[in-house]
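Q: Have a look at this fold, sequence not included:
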C-alpha cells in the first residue's frame, strides 16, 4: 500500500515537471518564431484554399468528360450547335464583306465621275478646283468640313500676320541677346 501512495505522490511531480518543461520550450519557441509561424499558417491556409478550388474544378471537368463520353448524343448535339454558330458567324462576316465591297465600288465610281468632271472643266477652260468638291456623305456621323472651316475662319488670330519668332522683332520687352564670345569678365 505504501508503494502505491509513493507512486501516486511521485507521479504528479513528474507531470508538473513535464508541463513546466513543455511550457518553457513552447513559450520560448513562440517568443522567438511567433510571427513567422502566424504568417506561415496564413500562407498555408491561402495555398490550401487555392489548391482545393483547383482540385474541385479538375474533378468536375473529369466528371463532365466521363458523362460526355458516356452520352454520345450530347456530344453530337454540342458539335452541331457549334457548327451552326460558326456558320452563322461566317454568314454575317460574308455579308459585311459584301457591304464593304459595294461601298468601295461606290467610292471608286464617285472618284471616276469626279475625275471626268474635272477633265471636262479643264477642257472648257474653267477652274477645276471649285468643281471637284466632294459631296458630303449622308451616312457619315461626323461634323461637316465646311462648318469646321467656317469656325476656324471666324476666330481672331493670336498674333499679327507679320510675326516671326526667329526674326527678333515684335516680341515686346523680352528679347534675348547672346553674350560676348571672349573670356569671362569675372575677377
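A: The structure has been received and is ready for your questions. Values in this document were obtained by computation on a predicted structure and should not be read as measured data.

Q: For the host helix or strand of residue 79, enumerate the helices and strands it packs against.
A: In the assignment (DSSP states H and E), residue 79 maps to helix 72-124. Contact partners of helix 72-124 among helices and strands, from 3 or more Cβ pairs under 8 Å, 6 or more residues apart in numbering; DSSP states H and E: helix 2-70, helix 128-131. Yep, even glycine has a C-beta here, placed from its N, CA and C like the rest.

Q: One more pass at 7 Å, please.
A: helix 128-131 (3 or more Cβ pairs under 7 Å, 6 or more residues apart in numbering; DSSP states H and E).

Q: So in this structure, where's the weakest helix or strand by average pLDDT?
A: helix 128-131 (a mean of 55; mean pLDDT, DSSP states H and E).

Q: where does this structure have low pLDDT?
A: 1-12, 14, 68-70, 128-153, 157, 159-163, 165, 168-175, 184-187 (pLDDT under 70).

Q: So what's the residue count around residue 115?
A: 12 (other Cβ atoms under 10 Å).

Q: Also residue 114?
A: 16.

Q: And it, how far from residue 121?
A: 10 Å (Cβ to Cβ, to the nearest Å).

Q: One more: residue 54?
A: 74 Å.

Q: just the angle between the helix holding residue 79 and helix 2-70, please?
A: Helix 72-124 runs at 50 degrees relative to helix 2-70, counting by axes from the mean of the first three to the mean of the last three Cα atoms, to 10 degrees.

Q: Among residue 54 and residue 121, which residue is more densely surrounded?
A: For residue 54 versus residue 121, the count of surrounding residues by other Cβ under 10 Å is larger for residue 121: 16 against 10.
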